[in-house]
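Trainee: Fold the following, please.
(chains A, B, C, D, E and F)
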There are 4 protein chains.
Amino acid sequence: MLRGGGDQSLREHLIATAERLIAERGTAGLTVRAIAREAQVADGVLYNHFADKEALLALALHAHVRTVERRLGAPPQVAGEGTVEANLRAYIAHGLELHIAILPAFAGLLLQPKVLTRFNELPNPAAGGRGLRADLAAYLLAERELGRLAPDADPEAAATMIIGACHELVLPRMFSGTPLTAWHVPDGLVEALVTTVVHGIGPARRS
Amino acid sequence: MLRGGGDQSLREHLIATAERLIAERGTAGLTVRAIAREAQVADGVLYNHFADKEALLALALHAHVRTVERRLGAPPQVAGEGTVEANLRAYIAHGLELHIAILPAFAGLLLQPKVLTRFNELPNPAAGGRGLRADLAAYLLAERELGRLAPDADPEAAATMIIGACHELVLPRMFSGTPLTAWHVPDGLVEALVTTVVHGIGPARRS
Amino acid sequence: MLRGGGDQSLREHLIATAERLIAERGTAGLTVRAIAREAQVADGVLYNHFADKEALLALALHAHVRTVERRLGAPPQVAGEGTVEANLRAYIAHGLELHIAILPAFAGLLLQPKVLTRFNELPNPAAGGRGLRADLAAYLLAERELGRLAPDADPEAAATMIIGACHELVLPRMFSGTPLTAWHVPDGLVEALVTTVVHGIGPARRS
Amino acid sequence: MLRGGGDQSLREHLIATAERLIAERGTAGLTVRAIAREAQVADGVLYNHFADKEALLALALHAHVRTVERRLGAPPQVAGEGTVEANLRAYIAHGLELHIAILPAFAGLLLQPKVLTRFNELPNPAAGGRGLRADLAAYLLAERELGRLAPDADPEAAATMIIGACHELVLPRMFSGTPLTAWHVPDGLVEALVTTVVHGIGPARRS
DNA sequence: GATGAATGAGACTTCATTCAT
DNA sequence: GATGAATGAAGTCTCATTCAT
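Mentor: Coordinates of the predicted model:
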């Protein structure tokens, strides 16, 4: 990006570059210089557009989450359509892909409290991060109102377990050293999760 | 050099000190000098006992996990005793406490590939981290064999959801900025989780 | 570009703005950007009118001295009028106010050789800075010619001591950290200075 | 100063180096790197011994003042010895040399409030800076008690004028660009100052 | 002439690691 | 083995100055 600018402002260019680096390497050891070099701009240019490194990282992380969500599309939000099982499968697929894409980026946040603070000051990316669980709980509540779930089913508990399962499937693999993108959910696992949450594991369960 | 216990080697003393600091402050901004000062030893003594900082951190993290597990005691591993529901409650309580104690420490791991590598070279702390899920799955399988669960219940899926729920309850709170220790599980939530996984949320569910 | 007065050139506007900032904050940490922002003009406009930052600062400092002198009015320059004592009091009051106003600004000068060089290239602000001492010496010489001072009184030495006393009263207070504007000359001090220089401190002094 | 140390600690070595640089160039634009390079040590070594740059500069400035005073020796402090005139000449000579040596160094202080703050926290170098005026006032008071000065002579006013004259002789020359060390007090000036303050300039002055 | 984004050298500071004692 | 002063690369950030528009 040479003097004179291109089609997008340098500010956006920097956010996009940082976002890409975060997606690729996470927030770990991401230096101002690395971002500037990758963006092909001078070292100090960052400070013409952002208060400090943390402000840029917070925005880049935010953009990352939105980018991922845009790519994934919205999870099913209209109760009553299709089958509950199919909708749950869609939620789980969505949650898995979302966590695969953003958990590594968020991990770095925990070591950078200043980025965390600035990130929390930004508007919550729609269904991003903690939003997905609430989304699912709302969906389940609506299905219960329609009579497609047991009258005493607990939407919050179920949503917690389903989204939690997505975490549980992703988190351990972040510690293995192998790139997360190379991993796919085993066949039948999603189906088994849906069956489990719908029918329960108790002895009197319908066959 | 002044050490509390005179009979433990300096090596153990350093690991114990680093473990305590990790437990108190997490891995963020933990410097070699801080560890040495806290241990009341010289800065460079570390390199007489460990290859580098990462090796020490990996061992300290390992020790931290074992310490927490020793404190929590073993989760119920004998199927057929008590009720399934009570045993599941115990697993969930165990999982929550475990994750509250070790997730913050592990977060730092993700940003330090060298620590991660060295940690994975160590013997897997018994039920630690990924171990708990496998433990629970084995327990559920045994209960199914005893006929206390539905014959077609999927122990793996159920274990994933239950341990996942523990993650889901803890993880978001790590990003809020408030200290994790100040948080407690809302009343009824554990019960709701157990009920959900045992009975399912489907329409035909028993009342 | 929004400027207060429409009829002064941008050059004058910049000098006036820099002068005001120097008067308010001194030269410490005064950046080109701060001046431009305060003047409500673009960052780089400075270089259309001045060779560099130092040239602007030299002119602004020059203007500052002239502004202060205009505000203080001329010290008594006509010998033979009033009493010598009263005239000396006026000189001292003038010198104190002048030094209070300009010494902080000049302090920054000493650290910026380029500003210093450019400042010295400018016409000496009439009685400013070093000028006041010469003024006083000339006045004292005239009074001596009129017979209102001892025939062997040394105007140069007396002027040096009187203006020096003004320095001595102001300088130490610049290092105390408290704002100079909050300070006032203790009652009786000016009178004591005049008495001392007029009568001397020697043992045979008239009572 | 290579590893292993020499006869003086590195801490002292750094202070001495900074002191020399301050004496040579003043505090203006004195960088951490310049000090480290001049001291022949690594860039960051400073922070093993001082909280920050300002702490070192404050100590170096302090040392500079003490060094100068040690070199100059104490001004006459015993009233009643020699003649008053000779003692005053000694005070003036002392003040001139002191100010020539330390005023340039102090000028930089005004642009570095943090150094100023730290400097003021240090014990006041005996008769240094503001101390000399008080010293002189005390001496003059003692002489007055002995009857060697007029009974109504004002020691404070006289001291202010005498030390002020030293300032006035030195300050303007700091702005000329020529090195201060190359300047000497014109013959007769010191004598004229002493005569003026002792006899006064009033018309009834003794011949 | 005016703009202001971009430049890039250089400032201060941190910290894992080494090594003479 | 233990010490801890010294190392020096690397990090974040500032700011006078330039130049295409």
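
Trainee: What about A:His64, how many residues nearby?
Mentor: 24 (other Cβ atoms under 10 Å in any protein chain shown). All C-beta spots, glycine's among them, are computed from the backbone N, C-alpha and C.

Trainee: what about it, which SS state?
Mentor: Under DSSP: H, G, I helix; E, B strand; the rest coil, the three-state class of A:His64 is helix.

Trainee: With chain D as the reference, measure out to the residue located most distally from the centre of chain A.
Mentor: Relative to the C-alpha centroid of chain A, counting by Cα atoms, centre = their mean, A:Ala204 is the outermost residue, at 36.6 Å. A:Ala204 sits 70 Å away from chain D, going by Cβ to the nearest Cβ, to the nearest Å.

Trainee: just A:Asp187 next, same as before
Mentor: Applying Cβ to the nearest Cβ to A:Asp187 and chain D gives a distance of 56 Å.

Trainee: ok, now A:Thr117?
Mentor: 25 Å.

Trainee: And A:Arg148, by the same measure?
Mentor: Counting by Cβ to the nearest Cβ - A:Arg148 and chain D are separated by 66 Å.

Trainee: swap in A:Ala34?
Mentor: On the measure of Cβ to the nearest Cβ, A:Ala34 and chain D end up 22 Å apart.

Trainee: Residues touching the helix or strand harbouring that residue, excluding its own?
Mentor: Here A:Ala34 sits within helix A:32-38, counting by DSSP states H and E. Residues outside helix A:32-38 that contact it (Cβ atoms under 8 Å, 6 or more residues apart in numbering or on different chains) are A:14, A:17-18, A:20-21, A:42-46, A:53, A:56.

Trainee: If we use 10 Å, what do you get?
Mentor: Residues outside helix A:32-38 that contact it (Cβ atoms under 10 Å, 6 or more residues apart in numbering or on different chains) are A:14-15, A:17-18, A:20-22, A:24-25, A:30-31, A:41-47, A:52-53, A:56-57, A:60.

Trainee: So among these, which ones count as buried?
Mentor: A:14-15, A:17-18, A:20-22, A:30, A:41, A:45-46, A:53, A:56-57, A:60 (16 or more other Cβ atoms under 10 Å in any protein chain shown).

Trainee: Relative to DNA strand F, which of the residues you listed is nearest.
Mentor: A:Lys53 (3.3 Å; Cβ to the nearest atom of the strand).

Trainee: Backbone dihedrals for that closest one, please?
Mentor: Phi and psi for A:Lys53, reported as degrees, to the nearest 10, are phi -60, psi -40.

Trainee: Could you verify my assumption that it touches A:Leu30?
Mentor: Yes - A:Lys53 is in contact with A:Leu30 according to Cβ atoms under 10 Å; the separation is 8.7 Å.

Trainee: overlap in contacts of the two?
Mentor: With Cβ under 10 Å, 6+ apart, A:Lys53 and A:Leu30 have common neighbours A:18, A:112.

Trainee: and the angle from the longest helix along chain A to helix B:84-110?
Mentor: Determined from DSSP state H, the single longest helix within chain A is helix A:84-109. Here helix A:84-109 runs at an angle of 40 degrees relative to helix B:84-110 (axes from the mean of the first three to the mean of the last three Cα atoms, to 10 degrees).

Trainee: for helix A:84-109, which positions count as buried?
Mentor: A:84, A:87-92, A:94-109.

Trainee: And for stretch A:140-149?
Mentor: A:140-144, A:148-149.

Trainee: Same question for stretch A:70-88.
Mentor: In stretch A:70-88, counting by 16+ other Cβ under 10 Å, buried: A:75-76, A:79, A:84, A:87-88.

Trainee: so how far is the longest helix of chain A off the chain centroid?
Mentor: Relative to its chain's centre, helix A:84-109 lies at 6 Å (Cα atoms, centre = their mean, to the nearest Å).

Trainee: Output the contacting helices and strands for the helix or strand of chain A with the lowest mean pLDDT.
Mentor: Within chain A, no helix or strand scores below helix A:113-121, which has a mean of 87 by mean pLDDT, DSSP states H and E. Contacts defined by 3 or more Cβ pairs under 10 Å, 6 or more residues apart in numbering or on different chains; DSSP states H and E place helix A:113-121 against helix A:53-72, helix A:84-109.

Trainee: thinking again about what came up before, identify the farthest-apart pair in the buried ones among the contacts of helix A:32-38.
Mentor: A:Ile22 and A:Val45 (18.5 Å; Cβ to Cβ).

Trainee: Nearest the middle, which residue of chain A would you pick?
Mentor: Note: chain A centre (Cα atoms, centre = their mean) maps to A:Leu98, 3.8 Å.

Trainee: pLDDT score for that residue?
Mentor: A:Leu98 carries a pLDDT value of 90.

Trainee: same question, the one 10 residues further on
Mentor: Reading off the per-residue confidence, A:Gly108 sits at a pLDDT of 81.

Trainee: And A:Gln8, by the same measure?
Mentor: pLDDT, A:Gln8: 63.

Trainee: Also A:Arg130?
Mentor: Reported pLDDT for A:Arg130: 53.

Trainee: Okay, and which of the buried ones among the contacts of helix A:32-38 map to strands?
Mentor: Among these, DSSP state E puts none in strands.

Trainee: Any chance of the helices and strands packed on helix A:113-121 in JSON lines with distance to B:Val194 as columns?
Mentor: Compiled in JSON lines, those are given as follows (distance: least, Cβ to Cβ, whole Å):
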{"stretch": "helix A:53-72", "distance to B:Val194": "31"}
{"stretch": "helix A:84-109", "distance to B:Val194": "20"}
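
Trainee: Can you tell me which residues in chain A are near chain C?
Mentor: For chain A, no residues are found near chain C under the criterion Cβ under 10 Å from any Cβ of the partner chain.

Trainee: what residue ranges in chain A score low on pLDDT?
Mentor: For chain A, the stretches with pLDDT under 70 are A:1-8, A:126-130, A:205-207.

Trainee: could you redo the buried residues of stretch A:70-88 as a markdown table and give each row distance to A:Asn124?
Mentor: Formatted as a markdown table, the buried residues of stretch A:70-88 follow (distance: Cβ to Cβ, whole Å):
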| residue | distance to A:Asn124 |
| --- | --- |
| A:Pro75 | 16 |
| A:Pro76 | 20 |
| A:Ala79 | 23 |
| A:Val84 | 27 |
| A:Asn87 | 23 |
| A:Leu88 | 24 |
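
Trainee: which two of these lie the greatest distance from each other?
Mentor: A:Pro75 and A:Val84 (13.5 Å).

Trainee: Now for those two: what residues contact both?
Mentor: A:Tyr139.

Trainee: if we can go back for a sec, can you verify my assumption that the residue farthest from the centre of chain A contacts B:Ala150?
Mentor: Yes - assessed by Cβ under 10 Å, A:Ala204 is found in contact with B:Ala150 at 7.6 Å.

Trainee: For the two, list the residues in contact with both.
Mentor: With Cβ under 10 Å, 6+ apart as the test, A:Ala204 and B:Ala150 both reach B:Val198.

Trainee: for A:Arg89, what are its contacts?
Mentor: Counting by Cβ under 10 Å, 6+ apart, A:Arg89 has contacts A:76, A:82-83, A:190-191, A:193-194.

Trainee: now, among the residues you listed, which is nearest to C:Leu169?
Mentor: Looking across the contacts of A:Arg89 and measuring by Cβ to Cβ, the closest to C:Leu169 is A:Pro76, at 81.6 Å.

Trainee: Can you verify my assumption that that closest one contacts A:Leu88?
Mentor: Yes - using Cβ under 10 Å, A:Pro76 is in contact with A:Leu88, at 8.9 Å.

Trainee: that older thread, after the least confident helix or strand of chain A, next one along is what?
Mentor: helix A:131-145.

Trainee: can you state the direction angle for that next one and helix A:84-109?
Mentor: Using the same axes, to 10 degrees: helix A:131-145 against helix A:84-109 is 160 degrees.
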